[in-house]
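S.K.: Got a sequence here, can you build the structure:
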Amino acid sequence: MKHRIDYRTSLGAGIVIIALLAYAYAWSGFYDVGADVPHQPLTYRFLTMVRERSVQRHAKDIVVPKLDDPALILKGAGQYAAMCTGCHLAPGMHESELRAGLYPQPPELSKRAVDPREAFWVIKHGIKMSGMPAWGATHDDPTIWSMVAFLQKLPGMTPAQYRDIVAKAPPDDDMDMDMGADKGTMHDGTSSPAH
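M.R.: Prediction:
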């Protein structure tokens with residue numbers, strides 16, 4: 001019995017010492033958090049596992065609505081073009097100025113399928129320390145579902161198909177206001193009409 005208590009005490013003390021050393025290292029500032037310096041492989045694998053497991057757990061009970069409504073997909077195309085291409089690119093895009101400076105690199109969503117529940121959760125809540133914003137702070141659930149609906153169609157889309165669907169997407173008046181329409185620039189980069 002005494003040996004078992006000594007073993008548990010030693011194990012507990014070892015864990016406390018490791019935790020204190022990790023905290024001291026973090027507090028020292030030696031770890032380089034610059035986005036232009038990659039994590040060590042073990043750190044990267046650990047953080048990737050934490051992110052993936054967290055998203056899976058939080059998204060598992062989300063009920064996916066019907067996503068094949070053409071109007072919903074069209075709205076999502078406009079949202080994606082306005083808010084997502086700088087990081088996640090679009091068919092025919094090879095790089096963007098914003099994406100080049102991000103670490104870890106965001107996934108190219110035109111080249112991979114996404115689980116609709118997980119996509120909804122990530123778009124709504126964002127991901128800490130990754131550059132992925134929580135769009136739920138400014139967009140309602142139906143708008144987020146429109147983006148998810150579009151993401152189901154995006155993989156394999158040609159650049160011409162992408163340009164065509166984005167050109168047909170309805171304007172988003174709220175987005176125009178948020179992106180500076182009152183300052184003379186619309187979200188698509190064109191000039192707004194004179195007041």
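S.K.: What helices and strands are in contact with the longest helix seen in the chain?
M.R.: Ranked by residue count and defined by DSSP state H, the top helix of the chain is helix 2-28. Helices and strands in packing contact with helix 2-28 are not found; criterion 3 or more Cβ pairs under 8 Å, 6 or more residues apart in numbering; DSSP states H and E. For the C-beta atoms, the positions are set from N, CA and C on the backbone; glycine is no exception.
S.K.: Report the distance from that helix to the chain centre.
M.R.: Helix 2-28 has its average C-alpha position 36 Å from the chain's average C-alpha position, going by Cα atoms, centre = their mean, to the nearest Å.
S.K.: pLDDT weak spots in the chain?
M.R.: For the chain, the stretches with pLDDT under 70 are 1-5, 173-195.
S.K.: Residue 59: neighbouring residues, count only.
M.R.: When neighbours are counted by other Cβ atoms under 10 Å, residue 59 registers 19.
S.K.: swap in residue 167?
M.R.: Neighbour tally, residue 167, other Cβ under 10 Å: 10.
S.K.: so which strand or helix has it?
M.R.: Under the criterion of DSSP states H and E, residue 167 resides in helix 159-168.
S.K.: got it, and residue 76?
M.R.: For residue 76, the host element (DSSP H and E) is helix 70-83.
S.K.: Can you pull up the most central residue in the chain?
M.R.: Closest to where the C-alpha atoms of the chain average out (Cα atoms, centre = their mean) is residue 132, at 3.8 Å.
S.K.: Disregarding flanking residues, what is the spatial nearest neighbour of it?
M.R.: Once flanking residues are discounted, residue 132 sits nearest to residue 126: 4.9 Å by Cβ to Cβ, 6 or more residues apart in numbering.
S.K.: same check, this time on residue 48
M.R.: residue 104 (7.9 Å).
S.K.: from memory that neighbour sits against residue 127, does it?
M.R.: No - between residue 104 and residue 127 there is no contact, the gap being 9.9 Å when judged by Cβ atoms under 8 Å.
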